[in-house]
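In: Pasting the sequence and the predicted coordinates here, then a few questions.
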Amino acid sequence: MTLDDLDRALVHALHIDGRVPFNQVAAVLGTSAQTVARRYRRLRAGGVLRVVGMTDARRLGQVEWFLRLRCTPDAALAVAQALARRPDTSWVQLTSGGTEIACVIRAPGQQAPEALLLQQLPRTPRIVSVSAHCLLRSFVGGPVGWHGPADVLTQVQIDRLTPVFDPVPSEVDTREDEDLLAALQQDGRAGFAELAATTGRSEPTVRRRVGQLRGSGALYLDIDLDAAALGYHAEAVLWLSVRPARLVGVAQALARHPEAALVAITTGPANLLAKAVCRDVDALYAYLTERVGTIEAIEHLETAPVISTLKRAATTGPGRIRQA
């Protein structure tokens with residue numbers, strides 16, 4: 001599916017506010033609400049775009065880990081599919097010729113991710129190694145969204161679409177919101193009437209609670225987007241070793257690159273993790289050599305090309321797991 005200028009503008013609008021009313025988008029873009037709704041339904045039905053309600057891991061006492069699993073070639077796909085079926089994983093990808101799996105997993109702050117993971121993966125000696133890297137601070141990705149190649153709206157349009165919430169305490173107890181958050185994970189644009197029916201609350205109560213959760217930062221809306229539909233076909237995971245004194249500065253510099261879909265400081269020998277999304281392998285080469293390679297504080301760079309993405313956002317409904 002090829003996206004035109006209106007599709008790209010809609011994608012950008014949903015990055016700004018995943019629950020923005022279609023009539024508001026239409027007013028900003030100068031079209032009709034029916035046209036915007038029809039375009040959204042087309043993109044969603046085609047598997048190109050999905051709005052997903054996500055929770056801020058730290059506010060829920062969780063820690064996010066980036067995992068690297070090295071497998072024998074005959075086992076990698078089965079292990080990746082098992083990971084994709086887990087509700088606590090996102091961005092499950094085959095990299096490095098299909099022998100390595102990269103994914104993000106959430107775990108309670110006191111729980112070791114290797115033990116949690118290996119208890120539920122297929123017991124096979126063909127998993128050669130597992131390493132876990134704690135995501136210490138995100139500069140792009142997660143609550144800090146990535147507009148990427150769909151960044152087409154003007155600042156005036158962005159301001160008109162940016163939501164404003166009533167002030168709420170930063171610490172919000174979400175223990176009674178499990179049903180609500182689960183429903184928003186499946187569909188971040190689910191209507192308030194549907195959410196009320198799912199949770200057994202009244203519609204005004206649900207509307208108010210969603211606003212409180214978003215205003216506190218405990219809930220944010222993410223976009224499950226297939227970058228290939230925007231013409232971007234080359235993706236790679238970058239592991240960077242940076243001098244500690246320059247680490248934050250390099251992370252901030254990478255975060256300004258439109259190619260960077262994820263930038264995070266991590267634990268481990270490589271202390272900075274990034275994901276690059278480029279139009280093709282030539283563009284990826286140019287990005288690595290002309291942009292990343294010119295940053296002097298980077299002492300070592302490891303590049304793992306993404307072969308296949310089995311799961312992007314953190315939920316996997318029926319038919320969401322992709323075959324490699």
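Out: That came in fine, so what should we check first? Numbering: from 1, shown residues only.
In: quick one: low-confidence ranges for the chain?
Out: For the chain, residues meeting the criterion pLDDT under 70 lie at 109-125, 142-150, 169-171, 314-324.
In: Which stretches in it count as helices?
Out: 5-16, 22-29, 33-45, 76-84, 113-118, 155-161, 178-186, 192-199, 203-216, 247-255, 281-286 (DSSP state H).
In: V52: which of the ones you listed is closest?
Out: The closest of the helices of the chain to V52 is helix 178-186. By C-beta to C-beta, the value is 6.1 Å. No exception for glycine: its C-beta is placed from N, CA and C like everyone else's.
In: for the closest one, the distance to its chain's centre please.
Out: How far helix 178-186 lies from its chain's middle: 17 Å, per C-alpha atoms, centre = their mean, to the nearest Å.
In: Give the buried residues for that helix.
Out: L180, L181, A183, L184, Q185 (16 or more other C-beta atoms under 10 Å).
In: any idea which of the residues you listed is closest to M1?
Out: Once C-beta to C-beta is applied, the member of the buried residues of helix 178-186 that ends up nearest M1 is Q185, at 24.0 Å.
In: Please determine how far that closest one is located from V51.
Out: 10 Å (C-beta to C-beta, to the nearest Å).
In: do L69 as well
Out: For L69, the distance to V51 - C-beta to C-beta - is 29 Å.
In: One more: A218?
Out: Counting by C-beta to C-beta - A218 and V51 are separated by 17 Å.
In: sorry, back to before: which one of the helices of the chain lies nearest to T55?
Out: Comparing those by C-beta to C-beta, helix 178-186 comes nearest, at 6.0 Å.
In: Name the residues that touch that closest one?
Out: 52-55, 174, 190, 194-195, 198-201, 206, 209-210, 213, 219, 314-315, 317 (C-beta atoms under 8 Å, 6 or more residues apart in numbering).
In: Mind giving me the ChimeraX select for the residues you listed, buried ones only?
Out: Here is the ChimeraX selection string for the buried members of those, based on 16+ other C-beta under 10 Å:
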select :52,53,54,55,174,190,195,198,199,201,206,209,210,213,219,314,315
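In: If you drop the residues flanking it in sequence, what lies closest to V172?
Out: S216 (4.3 Å; C-beta to C-beta, 6 or more residues apart in numbering).
In: Run a quick neighbour tally on that neighbour.
Out: 18 (other C-beta atoms under 10 Å).
In: Please name the bridge partners of the closest residue to G18 other than its chain neighbours.
Out: Nearest residue to G18 in three dimensions, chain neighbours excluded: L221, at 3.0 Å (C-beta to C-beta, 6+ apart). For L221, the beta-bridge partners under DSSP bridges are G53.
In: Equivalent analysis for L94, please.
Out: Assigned bridge partners for L94, using DSSP bridges, are I101, S308.
In: roughly how far apart are it and R279?
Out: Look at L94 and R279: by C-beta to C-beta, they are 21 Å apart.
In: what about those two, which has more around it?
Out: L94 (23 against 17).
In: Would you enumerate the residues in contact with the more buried one?
Out: By C-beta under 8 Å, 6+ apart, L94 lies in contact with A76, L77, A80, E100, I101, V306, I307, S308, L310, A324.
In: Need the nearest residue in space to the fourth one, chain neighbours excluded.
Out: Leaving aside its sequence neighbours, E100 sits nearest to R70 (C-beta to C-beta, 6+ apart; 5.2 Å).
In: And for the one you found, the neighbour number?
Out: 15.
In: Repeat that for R44.
Out: R44 has 15 nearby residues by other C-beta under 10 Å.
In: Excluding covalently adjacent residues, which one is nearest to it?
Out: Excluding the flanking residues, the one nearest R44 by C-beta to C-beta, 6+ apart is R50, at 6.1 Å.
In: Likewise for E235?
Out: Nearest non-adjacent residue to E235 (C-beta to C-beta, 6+ apart): V306, at 4.1 Å.
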